[in-house]
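S.K.: coordinates only, no sequence provided:
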């Protein structure tokens, strides 16, 4: 029972480079989320998806793009990385969004942009 | 949108003492309030939740209380143990919403 799996776990990028973070869930959940976690700022929502083929902006979407081509996968892309995007990124999924239901989180991706 | 404030940001207690973390929210439409625990190097994990039709919920050493009139809810941990040391997040979500709104987290340290 893998739950939510994030790839990679660690990455160092140079400013201006691009990369894609992969999130995979095996619970057949409709909803998937990408958060970033920074000291003193809690978990901030970047983008989310309410189902295959759909995406929506969260609180801090600038500089990121997402895609949900398959129900089980949610990809987060950085087209041109900036030092301000240094953070720990968490993917989460839930069966019914935020309506009385638990969100399951991955173990995180620690990204450093130099 | 919803705004969730969480206090304190750090909390140290002696093993066996109680710990209390408080959160306030702004949107009166919010009706689901989960609490997550994040251990070092891991993702957050749900430990307890409460819905708006309930004032208190308890699960062994953990309890959550909700005051909808005052728009605040609290996490209570009794008889704390070193393994309770972690970062705790509160969250709120309106019944029509697609997202959770998280507090900024409380780093709890239980001193043996």
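M.R.: On my side now, so go ahead. What you are looking at is a predicted structure, and each value in this text was computed from that prediction instead of being measured.
S.K.: per-residue confidence at residue A:1?
M.R.: On the pLDDT scale, residue A:1 is placed at 64.
S.K.: should've said residue A:70
M.R.: 96.
S.K.: now the phi/psi pair for residue A:85, please.
M.R.: The phi/psi pair for residue A:85 (degrees, to the nearest 10) reads phi -90, psi 0.
S.K.: so it sits against residue A:78, correct?
M.R.: Yes: Residue A:85 lies in contact with residue A:78 (Cβ atoms under 8 Å); the separation is 6.1 Å. C-beta here means a position set from N, CA and C on the backbone, and glycine is covered the same way.
S.K.: hmm, stretch B:85-94 in reach of chain A?
M.R.: Yes: Stretch B:85-94 reaches chain A (Cβ under 8 Å from any Cβ of the partner chain) through B:89, B:93-94.
S.K.: from these, which land in helices?
M.R.: Using DSSP state H, no member of the residues of stretch B:85-94 next to chain A falls in helices.
S.K.: re the thing from before, overlap in contacts of residue A:85 and residue A:78?
M.R.: Common contacts of residue A:85 and residue A:78 (Cβ atoms under 8 Å, 6 or more residues apart in numbering or on different chains): residue A:63.
S.K.: where does chain A have low pLDDT?
M.R.: Across chain A, the ranges flagged by pLDDT under 70 are A:1.
S.K.: what parts of it come near chain B?
M.R.: Counting by Cβ under 8 Å from any Cβ, chain A sits next to chain B at A:4, A:31, A:33, A:35, A:40-45, A:48, A:50, A:56, A:58-59, A:90, A:92, A:97-100, A:102-103, A:105-108.
S.K.: next step: these restricted to strands.
M.R.: A:4, A:31, A:33, A:35, A:42-45, A:48, A:56, A:90, A:92, A:105 (DSSP state E).
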